[in-house]
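>>> Let me see the structure of the following:
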Amino acid sequence: MENFPRILFVGNSITWHPVKEEIGWLNEWGMAASSEENDYVHLVMKDVYKQWPDAKYKIAWAVAWEREYWDAIHLVAFREFLNFRPDIIVVKINENVSYKNNEEHPYEHHYEKLLDYLNPNGSAQMIICTGFWKMGIIDDTVRSVAAKRELPLVELNHLDNDEMKAIGLFSHAGVANHPGDRGMAAIAQLVGDGILMAVNSKGR
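Residues are numbered from 1 along each chain as shown. The predicted model follows:
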């Protein structure tokens with residue numbers, strides 16, 4: 001059976017985060033899910049595997065790029081994922097992009113450069129997302145790019161409320177502000193719907 005689809009998740013701490021003891025995060029999966037199987041990537045893949053058991057995925061951590069996206073050196077970090085040849089690329093970033101940096105280095109231009117770098121020959125279906133946290137002009141930029149390029153857009157802003165977060169489960173406010181299991185499940189549903197539509201549009 002063909003290994004299809006091959007999915008690349010481009011994300012930040014919501015997608016995956018290494019252990020960071022000083023903030024009370026002792027795991028290696030999407031912050032602040034209760035377990036690996038409850039973060040949004042693994043929830044999405046659980047459903048994907050039901051239809052395509054040979055599907056493959058990888059995670060590209062983009063935090064360094066978000067914080068200094070204007071520095072082309074951070075694009076090089078994604079080079080290894082080009083050989084993966086993904087069929088679907090989910091870009092769920094933006095939360096670490098600051099308004100101040102956007103004023104000095106307009107985000108739209110560099111965001112589009114990232115999309116082009118990840119998908120150099122245009123063969124992959126790209127799905128882009130707004131922030132889990134409301135990001136104002138940064139999210140508007142993503143919406144503008146989606147409209148200009150006619151890309152599927154997954155809106156996540158409406159999930160930015162206490163019920164969707166891990167408040168009360170972690171002492172560190174930054175960790176607790178991340179999506180808890182309910183938030184992760186909601187993200188997974190929305191992203192998963194986008195992936196299934198993209199896969200089916202390829203006629204597989």
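
>>> So which residues make contact with the lengthiest helix in the chain?
Scanning the chain for the longest helix, with DSSP state H as the assignment, gives helix 181-201. With Cβ atoms under 8 Å, 6 or more residues apart in numbering as the test, helix 181-201 has contacts from 4-5, 7, 14, 30, 33-34, 38-41, 43-44, 47-48, 51-52, 87-88, 90, 92, 125, 127, 129, 132, 152, 154-156, 159, 163-166, 179. Just so you know, the C-beta spots here come from the backbone N, C-alpha and C atoms, and that holds for glycine as well.

>>> Give me the buried subset of the residues you listed.
Buried members of the contacts of helix 181-201, counted by 16 or more other Cβ atoms under 10 Å: 5, 7, 14, 30, 33, 38-41, 43-44, 48, 52, 87-88, 90, 92, 125, 127, 129, 132, 152, 154, 156, 159, 164-166, 179.

>>> one step back: just give me how far the longest helix of the chain sits from the chain centre.
Counting by Cα atoms, centre = their mean, to the nearest Å, helix 181-201 is centred 11 Å from the centre of its parent chain.

>>> buried ones in that helix?
181, 183-188, 190-192, 194-196, 198-199.

>>> do the same with stretch 94-109
Going by neighbour count (16+ other Cβ under 10 Å), the buried part of stretch 94-109 is 94-97, 101-102, 107-108.

>>> Tell me which of those residues fall in helices.
Counting by DSSP H, the buried residues of stretch 94-109 contribute 101-102, 107-108 to helices.

>>> Throw those into JSON lines and include pLDDT, thanks.
Shown next, in JSON lines, are those (pLDDT from 0 to 100):
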{"residue": "101", "pLDDT": "98"}
{"residue": "102", "pLDDT": "98"}
{"residue": "107", "pLDDT": "98"}
{"residue": "108", "pLDDT": "98"}
